[in-house]
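**Q** 3D model of this:
(4 chains)
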Protein chains: 2
Amino acid sequence: MDDLEVRELRYFVAVAEELNFSRAAQRLGMAQPPLSRAIRGLERRLAVQLFERNTRQVTLTAAGQTLLEQAAVALDVVSAVARRTRRAGASTPSLVVTAKPGVTTGLLKRIVDSYTTLPATPPVEILVSGYRQQADMVRDGRADLALLSSPYDRRGLEAEPLTTEPRVAALPSDHELAQRGALRCQDLQGLPIPQWPESSPAERRYWSGRDRSWSEIGSVTPEPAEPVSGPVVSDSAQLLEVVGLGQAVALIPSSVARCNPRPDIAYRPVSDASPYTTEIAWPEGSRAQPIALFVRTAINLTADELDRDYADVS
Amino acid sequence: MDDLEVRELRYFVAVAEELNFSRAAQRLGMAQPPLSRAIRGLERRLAVQLFERNTRQVTLTAAGQTLLEQAAVALDVVSAVARRTRRAGASTPSLVVTAKPGVTTGLLKRIVDSYTTLPATPPVEILVSGYRQQADMVRDGRADLALLSSPYDRRGLEAEPLTTEPRVAALPSDHELAQRGALRCQDLQGLPIPQWPESSPAERRYWSGRDRSWSEIGSVTPEPAEPVSGPVVSDSAQLLEVVGLGQAVALIPSSVARCNPRPDIAYRPVSDASPYTTEIAWPEGSRAQPIALFVRTAINLTADELDRDYADVS
DNA sequence: TGGGTGTTATACCCTGGAGGTATGGATGAC
DNA sequence: GTCATCCATACCTCCAGGGTATAACACCCA
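**A** Numbering: from 1, shown residues only, chains lettered A, B, ... in the order given. Below you'll find the model as predicted:
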């Protein structure tokens, strides 16, 4: 019927988070009575009770809880839309591509070079971003495209895989497992794994080799066998250093191993580890021509490598 | 800064689609001058020109095109939020699960049976939906969960795989390929393939066995080697009939083949066909407890089968 | 039990802005 | 040049969103 308004959603979220109309009003920079009225109007229009309230306490109903999580999504979408539009209308519109430093930068450079030779393409701005912020930057409209490696939070994004390579175990050379030719994920269980800052459970599972068939949403109980958490690292150089010192073992993409031969580290294939995949991601629903063209360029450029690596994996 | 309002987005979309303020105003049930003013206000607030307009014609700027596609996404999200909230606040809230008739119904029944025995679960409403409407129903808030098979439009959804099974070729028994033991996708090229109504390019590639490494967004040029389009079918019974009559060949999940032995059809493995996967999907960002519990139940119930089928495939 | 306090709801007012009408002014068709 | 079309401007109206004051209610504590 008649739509919700963004203002109403903002009001609702404030009240739902504070669970207190007065404080929420303060946070919104307005008086309490109009806020109460706005919420009442929202409830009447949705024909749904959002709060259970008496004069002493406010609680969310089931419908209110639904609206709270959903409104957050909607508000994020709307503000991302605004940012994208603003960027698209800038005096010198550019295509902003974000990637982490390291593995992807070489690949990214080749894609950009190939893209900019095409006719009528906007200038490309490369935004180097830290710890897996790539997805966030595309989600909230600061970037148009991201080169990132799975697993990552796919919400609000669409993506295509670009490159796939097997992962290998990086072990201290004097580690007992370094004696063996090939390993399985299970061999690594219980060993300390380097931790990335602010990593999600899904990421920890991936980097510890326990990511086959595990769900994010379903895990109401904490999953068993949390891996031993090793030292926190923030880039691959630091990671290798930690491994070399014997403080951890790690599952790393084979290209990183190839490019970093070290006497203190042994690399061993892990037959059942899920591969390392680099993807290109863009905002959900975006079919803008410069973005589509960049994606196509990236896919064309990596198609043959992808096939070759598929062969490696299987 | 200050957010966009839903009303403004609706106004903008109307004008952008009509490219005519008067007609757009008419469509919106309002007069033209306030609409012009609203758009001006929007442009000023975004500090972006959305339309190139003289008194005779209106055209979208690049920023306007961006906003048009993005606003459509945002409006869909907002109205889906409203519907979900309304449903969550219904007098007898139920969990609405949608699936297509056929393969999934047996699986769905087992999941529902297992779910309803759990304590404090809402009643489950099963919504049988037609041609791949499952994703749409979850996207727009009419359903909480969907059992569906990839490929499908993942926008606005999160999903987990449940079951995987290899696909086999269904051939008329007297077809020359039926003489051979095993096939490859390439053997099927050029043969007529049954078409589902309103199928997307990605779906057509999947069902014709050409879905490895092809992008939706990047295909600015029509992809080569469009498969010969066969008769239009709307369910698997019809599909088998068409194959039996020699009008087409099809790539179908092995379970369908197992359950439908027919003298007029030969089933042959296709070694490089991507597998048939059934997934469970829920609205992006939803972590509501009944939904999460259902997903977990589904995953637990299919975990062993999944593992077994993984072994089959590799 | 009665006052104090924090909190929401009600009553009432006020103002800004959304929307309407009338009309101007530009542009292309003929 | 004239006419039709369509966006912009000017000006008016009115209501909804917001403010202030205060009542009503629930809980705490003496």
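**Q** Could I get the contacting residues of A:Thr66?
**A** Contacts for A:Thr66 (Cβ atoms under 8 Å, 6 or more residues apart in numbering or on different chains) come out as B:84-85, B:88-89, B:288. To be clear about C-beta, it is placed using only N, CA and C from the backbone, and glycine gets the same treatment.
**Q** neighbour-wise, which of those leads?
**A** B:Thr85 (26 neighbours; other Cβ atoms under 10 Å in any protein chain shown).
**Q** correct me, but that one touches A:Gln70?
**A** Yes. At 6.7 Å, B:Thr85 and A:Gln70 qualify as touching, with contact defined as Cβ atoms under 8 Å.
**Q** tell me the mean pLDDT over stretch A:53-66?
**A** For stretch A:53-66, mean pLDDT rounds to 88.
**Q** Indicate whether it makes contact with DNA strand C.
**A** Yes. Stretch A:53-66 comes into contact with DNA strand C (Cβ under 7 Å from any atom of the strand), by way of A:53, A:55-56, A:58.
**Q** at contact distance from DNA strand D, anything in that stretch?
**A** Yes. Interface with DNA strand D: stretch A:53-66 contributes A:54-57 (Cβ under 7 Å from any atom of the strand).
**Q** In those residues, which residue is surrounded by the most others?
**A** A:Gln57 (10 neighbours).
**Q** I figured A:Leu95 was touching A:Leu145, is that so?
**A** Yes. Using Cβ under 8 Å as the test, A:Leu95 is close enough to A:Leu145 to be in contact (7.0 Å).
**Q** And the two? Which one has more around it.
**A** Using other Cβ under 10 Å as the criterion, A:Leu95 and A:Leu145 rank with A:Leu145 on top: 28 against 22.
**Q** and the contacts of A:Thr66, which two are the farthest apart?
**A** The two members of the contacts of A:Thr66 with the most space between them (Cβ to Cβ) are B:Gly89 and B:Ala288, at 12.8 Å.
**Q** what sits against whichever residue of the stretch 101-250 of chain A sits closest to DNA strand C?
**A** Nearest to DNA strand C in the stretch 101-250 of chain A, going by Cβ to the nearest atom of the strand, is A:Gly141, at a distance of 23.4 Å. By Cβ under 8 Å, 6+ apart, A:Gly141 lies in contact with A:79-84, A:87, A:283.
**Q** run the last query once more with 10 Å
**A** Contacts for A:Gly141 (Cβ atoms under 10 Å, 6 or more residues apart in numbering or on different chains) come out as A:76-77, A:79-88, A:96, A:156, A:283, B:70.
**Q** cool, A:Gln57 as well?
**A** By Cβ under 10 Å, 6+ apart, the contact list for A:Gln57 reads A:19-20, A:51.
**Q** Export these as CSV, with columns for neighbour count, secondary structure and distance to B:Val295.
**A** Formatted as CSV, these follow (neighbours: other Cβ atoms under 10 Å in any protein chain shown; DSSP: H, G, I helix; E, B strand; the rest coil; distance: Cβ to Cβ, whole Å):
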residue, neighbour count, secondary structure, distance to B:Val295
A:Leu19, 15, coil, 28
A:Asn20, 15, coil, 33
A:Phe51, 19, strand, 28
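**Q** would a markdown table of these with distance to B:Pro151 be doable?
**A** Listed next are the contacts of A:Gln57 as a markdown table, based on distance: Cβ to Cβ, whole Å:
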| residue | distance to B:Pro151 |
| --- | --- |
| A:Leu19 | 43 |
| A:Asn20 | 47 |
| A:Phe51 | 41 |
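**Q** so A:Leu127, which of the three states?
**A** When classified by DSSP: H, G, I helix; E, B strand; the rest coil, A:Leu127 comes out as strand.
**Q** Please name the bridge partners of the residue nearest to it when sequence neighbours are not counted.
**A** Excluding its sequence neighbours, the residue lying closest to A:Leu127 (Cβ to Cβ, 6 or more residues apart in numbering or on different chains) is A:Thr98, at 4.2 Å. Beta-bridge partners recorded for A:Thr98 (DSSP bridges): A:Leu127, A:Ala146.
**Q** quick one: which helix or strand includes A:Ile280?
**A** Assigned by DSSP states H and E, A:Ile280 falls within strand A:276-283.
**Q** partner strands of that strand, parallel or antiparallel?
**A** Here, using DSSP bridges, strand A:276-283 pairs with strand A:145-149 (antiparallel), strand A:157-165 (antiparallel).
**Q** what comes up buried for that strand?
**A** A:276-283 (16 or more other Cβ atoms under 10 Å in any protein chain shown).
**Q** Now pLDDT and distance to DNA strand D too, for these, in CSV please.
**A** Output for those, formatted as CSV (pLDDT from 0 to 100; distance: Cβ to the nearest atom of the strand, whole Å):
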residue, pLDDT, distance to DNA strand D
A:Tyr276, 92, 50
A:Thr277, 92, 47
A:Thr278, 92, 46
A:Glu279, 94, 42
A:Ile280, 95, 39
A:Ala281, 96, 36
A:Trp282, 97, 32
A:Pro283, 96, 29
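**Q** can the residues you listed go into TSV with extra columns for distance to DNA strand C?
**A** Converted to TSV, the buried residues of strand A:276-283 look like this (distance: Cβ to the nearest atom of the strand, whole Å):
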residue	distance to DNA strand C
A:Tyr276	50
A:Thr277	47
A:Thr278	46
A:Glu279	41
A:Ile280	40
A:Ala281	36
A:Trp282	33
A:Pro283	28
